[in-house]
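A.B. asks: got a predicted structure plus its sequence, pasted below:
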Amino acid sequence: MENKDTYNTILSPSEETLFKDRNSKFFGYAFPVTTEEEVKEHIDALKKQHYQARHWCYAYVLGKEYEQYRANDDGEPSNSAGAPIYGQLQSFDVTNVLVVVVRYFGGTKLGVGGLINAYRTGAQLALENARIVKKTIDIPFSVQFEYPLLNKAMRLINDHKVTIIEQKMEMDCVFHLAIRRKESEKVIEAFNEVYGINLLKED
């Protein structure tokens with residue numbers, strides 16, 4: 001992961017999907033999320049929408065480097081629901097994504113193998129129904145310079161395809177910038193080499 005500077009995610013919720021097995025219904029959903037609070041909000045909303053369902057099982061991955069994840073069986077046998085959902089998040093190689101599979105019990109027990117297949121399929125359908133995009137991992141940095149150096153700074157920004165996050169242009173200019181990780185050392189060095197452009201420490 002150290003040299004990885006891209007990640008896959010989704011930008012908008014997927015359409016609802018449905019998988020059936022022996023009268024049990026499994027509704028699948030994929031949501032873009034960046035915090036555990038957002039995860040909770042989506043699950044609470046689905047519990048209101050599907051208030052007669054039996055289980056609301058889910059898994060999520062958070063962080064541009066896939067560093068935080070959780071799987072929840074929500075009352076199903078251990079590792080029969082959350083783990084197969086999480087497995088699909090890994091298969092699709094996505095992060096900042098929550099997948100929830102809502103189950104309505106159909107009267108016939110499916111067994112652990114049947115449950116694993118149903119929750120895996122429910123998650124797979126939800127992710128297939130979502131638009132997955134590749135994004136870059138960007139390194140933030142800030143520069144400060146006097147106004148007469150603005151043209152030089154803008155040339156560097158344009159030449160190196162640096163993203164301007166925020167800018168303050170007065171006699172003293174401060175630009176908050178971001179650059180793709182694999183380009184960051186080279187680009188920051190280029191700014192450093194221009195006399196009068198000072199790199200500011202990030203908080």
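C.D. replies: Perfect, thanks for sending it.
A.B. asks: hey, let's count contacts and neighbours off CA atoms from now on
C.D. replies: Fine.
A.B. asks: for the one helix or strand R155 maps to, what is the average pLDDT?
C.D. replies: Per DSSP states H and E, R155 falls inside helix 150-159. Averaging pLDDT along helix 150-159 yields 93.
A.B. asks: distance from that helix to the middle of the chain?
C.D. replies: 31 Å (C-alpha atoms, centre = their mean, to the nearest Å).
A.B. asks: by contact count, what packs against that helix?
C.D. replies: Packed against helix 150-159 by the contact rule (3 or more C-alpha pairs under 8 Å, 6 or more residues apart in numbering; DSSP states H and E) you find helix 181-192.
A.B. asks: so where's this structure uncertain?
C.D. replies: Counting by pLDDT under 70, the ranges of the chain that qualify are 1-3, 201-203.
A.B. asks: and the top helix by length along it, what's buried?
C.D. replies: Criterion DSSP state H: the longest helix present in the chain is helix 111-128. Of all the residues in helix 111-128, those buried under the rule 16 or more other C-alpha atoms under 10 Å are 115-127.
A.B. asks: again, but for stretch 177-186
C.D. replies: Judged by neighbour count using 16+ other C-alpha under 10 Å, the buried positions of stretch 177-186 are 177-182, 184.
A.B. asks: distance between the ends of it?
C.D. replies: Across stretch 177-186, the straight-line distance between its terminal residues is 14 Å, by C-alpha to C-alpha, to the nearest Å.
A.B. asks: for that stretch, the distance to its chain's centre please.
C.D. replies: Taking C-alpha atoms, centre = their mean, the mean C-alpha location of stretch 177-186 is offset from the chain mean by 20 Å.
A.B. asks: re earlier: among the buried residues of helix 111-128, which pair sits farthest apart?
C.D. replies: Largest separation among the buried residues of helix 111-128 by C-alpha to C-alpha: L115 and L127, giving 18.2 Å.
A.B. asks: and for the residue nearest to E146 when sequence neighbours are not counted, the neighbour number?
C.D. replies: Nearest residue to E146, sequence neighbours excluded (C-alpha to C-alpha, 6 or more residues apart in numbering): D172, at 4.6 Å. Counted with other C-alpha atoms under 10 Å, the burial measure for D172 works out to 13 neighbours.
A.B. asks: repeat for F141
C.D. replies: Counted by other C-alpha under 10 Å, the residues lying close to F141 total 19.
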